[in-house]
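*Asks:* turn this into a model:
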Amino acid sequence: MPAQPGYDSFASSTERATTARKQFQGIVDKYPHTHTADIARYFVGLASSQLGDNAAAERSLQQAANSSNSDLAALGKFALASVYRAENKGAQAVDLYKQLIDKPTIVVSKATAQIELAGFYESQQKPDEAKKLYDQVAKENPSTEAASLAQRRAAALK
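*Replies:* From the prediction side, this is the model:
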């Protein structure tokens, strides 16, 4: 699609993430003690992750995960778990997913955390643990998209 007049366009996702990280970091730097800066730190972490800068992503997402706002903290933990997975820090990722399962929020539901944890278990060649979680999601969330997804993934394990 051609660039739209008046809107930024980028040649690559890397270019877009680099620009986004700079802009969000600018908000953090200008308004460090605000809720807006807390949200911007989360987005700095996401952009850093997209750029493969896991150390910067981990720092920013850890700050978001420690937020007093439970929804922002949940988003931070969820994204941080993905960074930990990329860094082969499986125990830390599992711990975050379990925290999210124990204390779900509006933005990261119990079922979402369970499905991600089950997917992690699949990637670690632990199909029994994955199936147990998928079955639990299907049982606790009947007639939902989460249940349908969990059933399909559980069936694929066989």
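
*Asks:* CA only for contacts and neighbour counts going forward, please
*Replies:* Fine.

*Asks:* what stretches of the chain score poorly on pLDDT?
*Replies:* By pLDDT under 70, the low-scoring segments of the chain are 1-2, 158.

*Asks:* what about Ala81, distance to Leu157?
*Replies:* 23 Å (Cα to Cα, to the nearest Å).

*Asks:* more crowded one of the two?
*Replies:* Comparing Ala81 with Leu157 by other Cα atoms under 10 Å, the one with more neighbours is Ala81, at 25 against 11.

*Asks:* what kind of secondary structure is the nearest residue to the more buried one once chain neighbours are set aside in?
*Replies:* Nearest non-adjacent residue to Ala81, counting by Cα to Cα, 6 or more residues apart in numbering: Ala93, 4.3 Å away. Three-state call for Ala93 (DSSP: H, G, I helix; E, B strand; the rest coil): helix.

*Asks:* may I see the buried residues of stretch 17-24?
*Replies:* Residues 17-18, 20-21, 24 are the ones in stretch 17-24 that count as buried (16 or more other Cα atoms under 10 Å).

*Asks:* swap that for stretch 87-95, sorry
*Replies:* Within stretch 87-95, judged by 16+ other Cα under 10 Å, the buried ones are 90, 93-94.

*Asks:* Ala64: which of the residues you listed is nearest?
*Replies:* Using Cα to Cα, Ala93 comes nearest to Ala64 of the buried residues of stretch 87-95, at 15.5 Å.

*Asks:* next, the contact list for that closest one, please.
*Replies:* 80-82, 84-85 (Cα atoms under 8 Å, 6 or more residues apart in numbering).
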